[in-house]
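> coords below, sequence missing:
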């Protein structure tokens, strides 16, 4: 696939149960354990969105554990 093809492809933002984000090709089946977050666009648009919304990179289970134990 050439660079121009990669740039013109549509991607979507996906998130897993640990609330970790990634980008995925919009025309492919989602990998197990991931769901579409609702944002679509170019790869860069999706990455920009992730940078805005994923501000705490710790997995959800770590955040929940720390919150429950005063961390």
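Structure's in. What do you need? Quick caveat, the model's predicted, so the values are computed rather than measured.
> for this structure, what spans make up the helices?
Taking DSSP state H to define them, one finds helices in the chain at 3-8, 43-53, 60-68.
> what is residue 11 paired to in the beta sheet?
residue 25, residue 41 (DSSP bridges).
> just the helices of the chain: most buried one?
helix 43-53 (a mean of 15; mean count of other CB atoms under 10 Å). Every residue, glycine included, has its C-beta placed from N, CA and C.
> quick revisit: residue 32 is nearest to which of the helices of the chain?
Across the helices of the chain, residue 32 has its closest neighbour in helix 60-68 (17.5 Å, CB to CB).
> What are the contacting residues of the closest one?
17, 18, 19, 56, 58, 71 (CB atoms under 8 Å, 6 or more residues apart in numbering).
> Scan the residues you listed and report the most crowded one.
Ranked by neighbour count (other CB atoms under 10 Å), the contacts of helix 60-68 have residue 19 at the top, with 16 neighbours.
> Skipping adjacent residues, who's closest to that one in space?
residue 60 (4.3 Å; CB to CB, 6 or more residues apart in numbering).
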